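Trainee: Give the three-dimensional model of this entry:
(3 chains)
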Amino acid sequence: MRLRSLVFGSVSLVAMAATAQAQSLTIATVNNGDMIRMQGLSDAFTEETGIELEWVTLEENVLRQRVTTDIATQGGQYDVMTIGAYETPIWAGQGWLAPLDDMGADYDTADLLPAVRDALSVDGTLYAAPFYGESAMIMYRTDLFEQAGLEMPAEPTWDFIADAARQITDKDNELYGICLRGKAGWGENMAFITALANSMGAAWFNMDWEPQFEAGIWGDALQFYVDLMNDAGPPGASSNGFNENLALFQQGKCGMWIDATVAASFVSNPEESQVADSVGYALFPTNGEYDNHGNWLWVWSLAIPSSSDNVDAAKQFLNWATSKSYIEMVAEEEGWANVPPGTRTSLYENPTYLEAAPFADETLAAMNAATPEQPSVQETPYTGGQFVAIPEFQGIGTAVGQAFSAALAGQTTVEQALQTAQQVTRMEMERSGYYQ
Amino acid sequence: MATLHTQTAARFMMAPAVLLLLAWMLVPLSMTLWFSFQRYNLLMPGMEYFTGFENYRYFFSNPSFWAALFNTLYLVGGVLIITLAGGTLLALLLDQPIFGQGIVRLLVIAPFFVMPTVSALVWKNMLMHPVNGFFAWLARVFGFQPVDWLAQLPLVSIIIIVAWQWLPFATLIILTALQSLDEDQREAASLDGAGPFSMFFYITLPHLARAITVVMLIETIFLLSVFAEILVTTNGGPGTSTTNLTFLIYIQSLLQFDVGLASAGGIVAVILANIVAIFLLRIVGRNLEA
Amino acid sequence: MARAVSTRRKVAVSIIAWAIGLIIFFPILWTFLTSFKTEGTAIAVPPKFLFFDWTLENYFTVQERSDYFRHFSNSIISAVGSTIVGLIIAVPAAWAMAFSPTKRTKDVLMWMLSTKMLPAVGVLVPIYLLFRDFRLLDTHIGLIIVLTMINLPIIVWMLFTYFKEIPNDILEAARMDGAGLREEILYVLTPMAVPGIASTLLLNIILAWNEAFWTLNLTTTAAAPLTAFIASYSSPEGLFWAKLSAASTLAIAPILIMGWFSQKQLVRGLTFGAVK
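Mentor: Modelled structure (predicted):
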């Protein structure tokens, strides 16, 4: 297209104009606690290197939309983007990201957790530097379990979780046995429901890319989820995402919460959480049959658009923000429990950390249990744990997520929701040419 | 005479606005039209090709389309009814002599100045939240089960939030119109023995007709494209119960980055908006002429 | 006699009016109060109204994290800038439409208003591509252009309806006295048009200030206004109501105060010729 070549011409012109200026990086990041902390500590980086930093901190959905628009149109607005395990392989495959194969000797790429490194690499080359990583696990109230005479097994099954949740629930006193994500979105309710379905043996697609929502197992999984939430979940569950559930759990209104491991440091922080003293952790449940813990794996990481004019300076920043010494710096300023988790093996071998973070072992176990390259017991044509690593997934996942949240809110039946999911997914896959 | 001269001058004076708007409308619109016939996904560059009407076919066969169309109408209609009825009543109230009238007025018009994103965030988290929200607390104080607003009454909740933002606008305009009502006319009517109700329906309401149509027109223009409130509160759900056309296009353009499909949706929305506009403008035009 | 009002009635009406006024204002008041609470107090049940430990901590946190004053000045620049540019374009157009109307005038006006209905999300990608090519992304000029264009129809229409109310007799009289177009505009009409222009200006500043789609999507740092500032406080991890409230208060306070002080001027033209 003519427009396109015109565009590329002008981009390179911009590039030449910009290199002449003083070093300054524009960094797009999510407004999560760890990133805000990074922003707060970044003066040290500027002092050290003389590179100025401009921060764009946005809410997750807005950020994703902004950076995707920018990188896909080669807008060139950012030098460093905060992206996840979903975007990295897709964008790297498009050639949109600068490879990070020369991060310097002190960076110690080999120290990165294998699952994390794999998730951010394409053909063995790293394309994004992991800032923090997470899997999913159960966080539960030890005091409530004790009261109810329950004991959390090392590897709980869904049946146990469901029984326990129903037992603990005391709606008159605003105590809900289990809090789970219900807000529609591919990164919200679908992350949880996909992991749940994985653990029960379902898969999104068969080897011919036919969606599998009407193949039985999905029906069981969704019915299980809806029933459980109706009996033992909080009101308004269909608009609860990670943040809403976090707030509920911190106020002591949830008996259990199954969500990202990164939440552990928030729920155990006595400054924020009213239940900090009585939180226990356990692996993501299985159905008792397969050794499949949902395969949830997410890594918030920093990447450099290949169109950036400041690739070298940006690499310097990545090196700083995801290094061992950054972790030490956070530990010094904020305590070991608050360091960004889930990226480096060395952290989980550090006795000081293990002592300060009661959730460290479970987090590591959960991360190691995740095998996104093989999400389900079924053979799948795709990879990805709580998501499907294809570009179409953002749209499909959101549409399916809407259908499922309608089932949770009681507006449709589980069967109708599955039917809609099947239809929407099939249509989009057909449109994208998967069936030719 | 002067007329010819002024006519030419008039053309010159109008030209910048007309030309700029024409450019503003035509450039993106023609790009959108062009894209709407392309298979063009931003996430898959280098695979663009001409597909004819396929994007339109997909857009219309999307099961969410009709839901979105009706939600759009409900949303616009609901907010219009609330703001017009509420605005009229409020204006009648504020037109009475009251203590501290100025301050009450300030309180009533305040929501108009609040950013849509902010008001949606505040309503969602601090008022409508079924556990921590203010309404939930209020319900419990009076011994009711708290309403789970955004799950049980999603569209109603959105309508309430949006109506809250637009109520001041309607009130202000209707109040001003009310204040211009001829005192003599009122007095004559009341001497003729007209009660407050017949006074309202035969004297006041006809007088307000113009103001009301203006409110309708302006609000409709903004309400057709309500977006931030939905994004912040319900994300279009549960299901498609709060997905309006704007939000449907958002899902396609900014989540799927399917520019082709989104462009087709954009074109459809423009056509629909224009149908509404023509319809509305006819009414308003007639009313404004009078 | 007819309008004589007893004190008792006035008291009753006042109570109702105040109650409704306070209910309508409550969400804003609540946000304001919450901004002085700690995160823990902010979600306390039962809610605390006035008797809590007031703290300014949230405001300090917010300012430290995201430079409020930069976003604030960007909002001012884009809102005021787009309003001024919009008026410069719109005043002559509305003038011409009001005083030398042709058969087409009404259609042109209606067409202008209908451009306002183009769904922004549908044209984001085309506009983004254009802005990139003209290097307008994240610039004040780019933002001013967009805000001007999206509000221009409303400005033209408001001015048109206002100008139309200016009695033609006065013009005739001036013309009889031999006034040319220039004198006509400068000495006769301008003084009469000022209130209408003023209220258009105010309304447009409000609309531009609160515009949250384009301002968020076309800026990054240099031109990012308060809407972007807010976007970094909506639903982060953990408890956030107090900080969100502080950020919200900061974002809406300037425009609210401006609106309150200028409400008389605002109303005068807001009626769009709806009042005879």
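Trainee: those helices in the stretch 101-250 of chain A, which residues are they?
Mentor: A:114-119, A:142-147, A:158-168, A:189-200, A:217-232, A:242-250 (DSSP state H, counting those that start in this stretch).
Trainee: from what I can see residue A:83 touches residue A:63, true?
Mentor: No: counting by C-beta atoms under 8 Å, residue A:83 sits too far from residue A:63 to count as a contact (9.2 Å). In this view, the C-beta of every residue, glycine as well, is placed from N, C-alpha and C.
Trainee: neighbour-wise, which of the two wins?
Mentor: residue A:83 (28 against 22; other C-beta atoms under 10 Å in any protein chain shown).
Trainee: closest to chain C out of the helices of the stretch 101-250 of chain A?
Mentor: With C-beta to the nearest C-beta as the criterion, chain C lies closest to helix A:242-250 of the helices of the stretch 101-250 of chain A, at 4.9 Å.
Trainee: Now that closest one - C-alpha only, CSV.
Mentor: The C-alpha trace of helix A:242-250 is given here as CSV (Å, rounded to 0.1, in the frame of the first residue of the first chain):
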residue,chain,number,x,y,z
PHE,A,242,-8.5,-9.1,40.4
ASN,A,243,-8.6,-5.7,42.2
GLU,A,244,-12.2,-6.1,43.5
ASN,A,245,-11.4,-9.5,44.9
LEU,A,246,-8.2,-8.3,46.5
ALA,A,247,-10.1,-5.6,48.3
LEU,A,248,-12.7,-8.1,49.5
PHE,A,249,-10.1,-10.5,50.7
GLN,A,250,-8.1,-7.8,52.5
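Trainee: does chain B sit close to it?
Mentor: Yes: judged by C-beta under 8 Å from any C-beta of the partner chain, helix A:242-250 and chain B are in contact via A:247, A:248.
Trainee: Just checking the distance from that helix to the centre of its chain.
Mentor: 16 Å (C-alpha atoms, centre = their mean, to the nearest Å).
Trainee: Next, the angle from it to helix A:189-200.
Mentor: Counting by axes from the mean of the first three to the mean of the last three C-alpha atoms, to 10 degrees, helix A:242-250 lies at 70 degrees to helix A:189-200.
Trainee: what's helix A:242-250 in contact with?
Mentor: A:139, A:176, A:179-181, A:183, A:188, A:234, A:236, A:240, A:254, A:257, A:259-260, A:263, A:266-267, A:272-275, B:131-132, C:43, C:235-240 (C-beta atoms under 8 Å, 6 or more residues apart in numbering or on different chains).
Trainee: Out of the residues you listed, which sit inside strands?
Mentor: Mapping the contacts of helix A:242-250 onto strands (DSSP state E) picks out A:139, A:176, A:179, A:254, A:257, A:259, A:260.
Trainee: Which members of those residues are the farthest-apart pair?
Mentor: Greatest spatial distance among the ones in strands among the contacts of helix A:242-250 (C-beta to C-beta): A:176 and A:260, at 19.1 Å.
Trainee: rewinding a little: chain C: which of the ones in strands among the contacts of helix A:242-250 is nearest?
Mentor: Using C-beta to the nearest C-beta, the ones in strands among the contacts of helix A:242-250 come closest to chain C at residue A:260, 9.7 Å.
Trainee: List the contacts of that closest one.
Mentor: Neighbouring residues of residue A:260 by C-beta under 8 Å, 6+ apart: A:134, A:135, A:136, A:242, A:296, A:298.
Trainee: Just the element for the closest residue to the third one other than its chain neighbours, please.
Mentor: Taking C-beta to C-beta, 6 or more residues apart in numbering or on different chains, and ignoring the residues beside it in sequence, residue A:136 has residue A:296 as its nearest neighbour in space, at 3.8 Å. With elements taken from DSSP states H and E, nothing contains residue A:296; it lies in neither a helix nor a strand.
Trainee: My guess is residue A:296 contacts residue A:196. True?
Mentor: No: Residue A:296 is beyond contact range of residue A:196, at 9.8 Å (criterion: C-beta under 8 Å).
Trainee: Quick check: residue B:264 is in a helix.
Mentor: Yes: counting by DSSP: H, G, I helix; E, B strand; the rest coil, residue B:264 is found in a helix.
Trainee: that older thread, if any of the contacts of residue A:260 are buried, give me the PyMOL selection for them.
Mentor: Buried subset of the contacts of residue A:260, written as a PyMOL selection, criterion 16 or more other C-beta atoms under 10 Å in any protein chain shown:
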select buried, chain A and resi 134+135+136+242+296+298
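Trainee: CSV for the contacts of residue A:260, including pLDDT and distance to residue B:83?
Mentor: Shown next, in CSV, are those (pLDDT from 0 to 100; distance: C-beta to C-beta, whole Å):
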residue, pLDDT, distance to residue B:83
A:134, 93, 45
A:135, 94, 48
A:136, 95, 45
A:242, 88, 35
A:296, 94, 45
A:298, 94, 43
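Trainee: export the contacts of residue A:260 to a markdown table and tack on distance to residue A:42?
Mentor: Output for those, formatted as a markdown table (distance: C-beta to C-beta, whole Å):
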| residue | distance to residue A:42 |
| --- | --- |
| A:134 | 22 |
| A:135 | 27 |
| A:136 | 29 |
| A:242 | 25 |
| A:296 | 29 |
| A:298 | 23 |
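Trainee: If anything else comes up later, I'll come back, but that's it for now.
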